[in-house]
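S.K.: 3D, please:
(one chain, ligands or ions: 1)
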Amino acid sequence: MSSIADRLKNVSISASAAMTQRARELAARGIKVVSLSSGEPDFPTPAHAIEAAHAAALSGDTKYPPMDGTPALKAAVSRKFKRDNNLDYNASQIVVSGGGKQVIFNAMLATCNPGDEVVIPTPSWVSYADIVKFAGGIPVAVPCFEQAGFKLRPEDLEAAITPRTKWLILNFPNNPTGAACSRADMAAIAEVMHRHPQVWILTDDIYEFLIYGEFEFCTIADADPSLYDRVLTMNGVSKAYAMTGWRLGYCASGSKELIAAISNVNGQNGGGITTVTQAAAIAALDGPQDLLKERAAIYRERRDFVLGQLAKIEGLRCHKPDGAFYIYPNISGLIGKTTKGGRKIETDVDFVMALVDEHHVATVQGAAYGMSPYFRISYATSMEMLNEGCARIAQFCGDMR
Ligand code: PMP
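M.R.: Below is the predicted model:
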């Protein structure tokens, strides 16, 4: 009898997708759901990117593209790395894929042998561990504690590395905590990595432009250029330019061997990215960049608003995030209580399920990101929704006994 591959046995369905599904079911019954669970900008894609895609399609740019990205897009990516990150990558060091997610997938598939360990600072985006498992590797969570601002402490990183470690994955600003790392923080991580020359470093910089206050984004290959040959710098247009649906991410590395292997997987796994998407990405990367700062200012206002509202709620404790568009409140003050609807809150899963069922606010449990008891709020939505969502959360928590 036919059966599904063993490699899928430990791979789960994303918890945020499951919550989005739950919210859709409620909405289909006519219930007004406040969705704070989605990890995508609520802004539109810039018009100049859409126009570039339109023009490309009309001009006949509709044939098979080069497997690893058009020369024009790679040139735009190369300019972006120089302009924003002070990094020199030429076209032969760049691969374009179907979203940052596919970059990570390709990189893990290209490098992980059974038993290879991938160190993942945690809380972390749900997909890293699943992708690593899919590729036959072993995800190793290294905790980033709230007391340390959810940042990766060098001593915790050091303790997590073994002779089997193949990769360290960095994601600052972070999904789900919003924690960001300064140049000095990155240099301290780099210092640990010098003692472990067999380990590659994947830096997922997808939230690069979602950074607040005096924080300055710094990627690890910029913080320590001596790591250039060991770093895979990953980014994409999804979060920065509100282009989640276009599906385009890219990566670059000083390691020719690594880029060749990723390019090989990329070619077999998709065969190149939609031509019109590539045209849109060039326009986004080369076009006016003012919208990045304008939108970051709006996100910052929303962050401050939500933090202010949540601070009034007894039982919640929020670390102030420096980036991304997430807040990760601690709910330990509510564990053991019972909701107005009679549900006992023993875990953060109980909390988010009761919240969506009783007050119709969709969020995601911390357990999905590997650290409890917390839940993730996305503030990539309107002030009106945030106001309503916070009011409902306050009511929900205030009614608990
Ligand atoms: N990395 C992180 C940390 C993310 O949160 C996401 C999207 N949720 C991605 C990568 C995927 O981005 P893309 O749309 O480019 O695949």
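
S.K.: would you mind listing what in the protein touches the ligand?
M.R.: 39, 99-101, 125, 171, 175, 204, 206, 236, 238, 244, 249 (Cβ under 6 Å from any ligand atom). (C-beta placed from N, C-alpha, C; glycine too.)

S.K.: which parts of this structure are helices?
M.R.: 15-28, 47-58, 71-85, 100-111, 126-134, 154-160, 183-194, 220-223, 256-268, 275-286, 290-311, 348-359, 383-398 (DSSP state H).

S.K.: and the residue of the chain found nearest the ligand, what's its pLDDT?
M.R.: At 2.7 Å from the ligand, Gly99 is the closest residue in the chain, using Cβ to the nearest ligand atom. At Gly99, the model reports a pLDDT of 96.

S.K.: try Gly271
M.R.: On the pLDDT scale, Gly271 gets 82.

S.K.: tell me who's in contact with it.
M.R.: Residues in contact with Gly271, defined by Cβ atoms under 8 Å, 6 or more residues apart in numbering, are Tyr64, Met67.

S.K.: could you do Val126 as well?
M.R.: By Cβ under 8 Å, 6+ apart, the residues touching Val126 are Ser14, Ala15, Ser16, Ala368, Tyr369.

S.K.: the nearest residue to the fourth one once chain neighbours are set aside: neighbour count?
M.R.: Spatial nearest neighbour of Ala368, excluding adjacent residues (Cβ to Cβ, 6 or more residues apart in numbering): Ala15 at 3.3 Å. The number of residues packed near Ala15 is 19, by other Cβ atoms under 10 Å.

S.K.: I figured Ala15 hits Ala362, correct?
M.R.: No - in this structure, Ala15 is not within contact of Ala362 by Cβ atoms under 8 Å, at 11.4 Å.

S.K.: ok, back up a step: show me the contacts for the residue of the chain closest to the ligand.
M.R.: Listed by Cβ under 8 Å, 6+ apart, the contact partners of Gly99 are Gly236, Ser238, Arg247, Leu248, Gly249.

S.K.: turn the contacts of Val126 into CSV, columns for distance to Val77 and pLDDT.
M.R.: Conversion of those to CSV gives the following (distance: Cβ to Cβ, whole Å; pLDDT from 0 to 100):
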residue, distance to Val77, pLDDT
Ser14, 27, 72
Ala15, 31, 73
Ser16, 28, 75
Ala368, 31, 94
Tyr369, 29, 96
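
S.K.: just the residues you listed now: which is nearest Pro225?
M.R.: Tyr369 (31.4 Å; Cβ to Cβ).

S.K.: excluding covalently adjacent residues, which one is nearest to that closest one?
M.R.: What sits nearest to Tyr369 in space, not counting adjacent residues and going by Cβ to Cβ, 6+ apart, is Pro123, at 3.9 Å.

S.K.: show me the contacts for the one you found.
M.R.: By Cβ under 8 Å, 6+ apart, the residues touching Pro123 are Cys144, Phe150, Asn174, Pro176, Thr177, Tyr328, Gly366, Tyr369, Gly370, Met371, Tyr374.

S.K.: now tabulate those residues in a markdown table and tack on neighbour count.
M.R.: A markdown table is the format used below for the contacts of Pro123 (neighbours: other Cβ atoms under 10 Å):
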| residue | neighbour count |
| --- | --- |
| Cys144 | 25 |
| Phe150 | 25 |
| Asn174 | 29 |
| Pro176 | 28 |
| Thr177 | 31 |
| Tyr328 | 25 |
| Gly366 | 26 |
| Tyr369 | 27 |
| Gly370 | 21 |
| Met371 | 22 |
| Tyr374 | 28 |
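
S.K.: now do the worst-scoring helix or strand of the chain on mean pLDDT: which elements does it pack against?
M.R.: Lowest on mean pLDDT, DSSP states H and E among the helices and strands of the chain sits helix 15-28, with a mean of 84. Counting contacts by 3 or more Cβ pairs under 8 Å, 6 or more residues apart in numbering; DSSP states H and E, helix 15-28 packs against helix 348-359, strand 361-362, strand 364-365.

S.K.: biggest separation within the residues of the chain next to the ligand, which pair?
M.R.: Longest span within the residues of the chain next to the ligand, Cβ to Cβ: Asn171 and Thr244, 16.7 Å.

S.K.: between the two, which is the more surrounded one?
M.R.: A count of neighbours by other Cβ under 10 Å puts Asn171 above the other of Asn171 and Thr244, at 26 against 17.

S.K.: next one, pLDDT for the more buried one please.
M.R.: Note on Asn171: pLDDT of 98.

S.K.: any idea how many residues pack against His194?
M.R.: If you count neighbours by other Cβ under 10 Å, His194 ends up with 11.

S.K.: re the thing from before, winner for burial among the helices and strands packed on helix 15-28?
M.R.: strand 364-365 (a mean of 27; mean count of other Cβ atoms under 10 Å).
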